[in-house]
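1. give me a model of this one.
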Amino acid sequence: MNKSNNTFRDKLLDMEIPTPALKEKYEREVQAMVEKKLTGLRKLGTVVSLVMGLGFFVLFGTLAVIVPKEFPLWGRAIWAVGSVFGLTFAGLAVLVLKKGTVHLKTDDMAMAGLGWGFIVIMATITLVFSGQLPDRTIAIKMLVSLLIFEVAAAVGLLKAIIERSEVKTREKLLKIEYRLAEISEKIDKKPENVKE
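-> So this is what the prediction gives:
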């Protein structure tokens, strides 16, 4: 279907005013589909994320401050970046725990995006400055280690993207289902002035 037909169809659908009862039911079902209560493993996972974020904040922040003076500045920058990401990750986990629900479209993507962003920044800094190390084998070990974490973070990000796409698809299908139910209701109603 070309763009003009698609736009015409969208305009027609937008002109149709949904009945308040069906619209309210649709919005409730979408909300139930997108917002999941924190129970069991999901709550445990969020608490673990909070503890890990705080742990990274304390560990990386401490390392950024207490490393010897001869430690390279870019190494301190890595620790500082890790500390900031740890605190941000913990803050996101606190928000999710405070709400008592996880929003499948935004919260999961934010956590996965934070993990991915952290690893990419760490890998980039290490890649740029590891050539300054006197021992090349240490630089190679650092990069290989970061590559392993980068793959894990990419898997987490892809999982979050797939889950968000699945939720969006289910939401669209639900919208179509309610539109069809609404049209069916209108068809089933007979005009009062028509005699059988």
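
2. centre of the chain to the longest helix that the chain contains, how far?
-> Longest helix of the chain, by residue count under DSSP state H: helix 136-188. Put simply, helix 136-188 sits 8 Å off its chain's centre (C-alpha atoms, centre = their mean, to the nearest Å).

3. and Met35, how many neighbours?
-> I think there's a mix-up here, since residue 35 is Glu and not Met. Look at Glu35: counted by other C-beta atoms under 10 Å, it has 15 neighbours. C-beta here means a position set from N, CA and C on the backbone, and glycine is covered the same way.

4. who's in contact with it?
-> 101-104 (C-beta atoms under 8 Å, 6 or more residues apart in numbering).

5. if you set the cut-off to 10 Å instead, what comes out?
-> Counting by C-beta atoms under 10 Å, 6 or more residues apart in numbering, Glu35 touches 99-105, 107.

6. go on, Val47?
-> Listed by C-beta under 10 Å, 6+ apart, the contact partners of Val47 are 38, 93, 96-97.

7. which of the residues you listed tops the neighbour count?
-> Highest neighbour count within the contacts of Val47, by other C-beta under 10 Å: Val96, with 24 neighbours.

8. I'd guessed that residue sits against Asp107; true?
-> Yes. Using C-beta atoms under 10 Å, Val96 is in contact with Asp107, at 5.4 Å.

9. now the element after the helix or strand bottoming out on mean pLDDT in the chain, going C-ward?
-> Lowest on mean pLDDT, DSSP states H and E among the helices and strands of the chain sits helix 3-15, with a mean of 60. As assigned by DSSP states H and E, the chain's next helix or strand after helix 3-15 is helix 20-34.

10. compute the inter-axis angle for that next one and helix 136-188.
-> 160 degrees (axes from the mean of the first three to the mean of the last three C-alpha atoms, to 10 degrees).

11. what lies in contact with helix 20-34?
-> Taking C-beta under 10 Å, 6+ apart as the rule, helix 20-34 contacts 17-19, 101-106, 164, 167-168, 170-171, 174-175, 177-179, 181-182, 185.

12. 8 Å instead, please
-> So helix 20-34 is contacted by 18, 103-105, 167, 170-171, 174-175, 178, 181-182, 185 (C-beta under 8 Å, 6+ apart).

13. let me have these in a markdown table, extended by neighbour count.
-> Below are the contacts of helix 20-34 laid out as a markdown table (neighbours: other C-beta atoms under 10 Å):
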| residue | neighbour count |
| --- | --- |
| Pro18 | 15 |
| His103 | 16 |
| Leu104 | 19 |
| Lys105 | 17 |
| Val167 | 17 |
| Arg170 | 15 |
| Glu171 | 16 |
| Leu174 | 15 |
| Lys175 | 15 |
| Tyr178 | 19 |
| Ala181 | 15 |
| Glu182 | 18 |
| Glu185 | 12 |
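
14. now those as a markdown table including pLDDT?
-> Shown next, in a markdown table, are the contacts of helix 20-34 (pLDDT from 0 to 100):
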| residue | pLDDT |
| --- | --- |
| Pro18 | 62 |
| His103 | 81 |
| Leu104 | 78 |
| Lys105 | 79 |
| Val167 | 85 |
| Arg170 | 84 |
| Glu171 | 83 |
| Leu174 | 81 |
| Lys175 | 80 |
| Tyr178 | 78 |
| Ala181 | 75 |
| Glu182 | 75 |
| Glu185 | 73 |
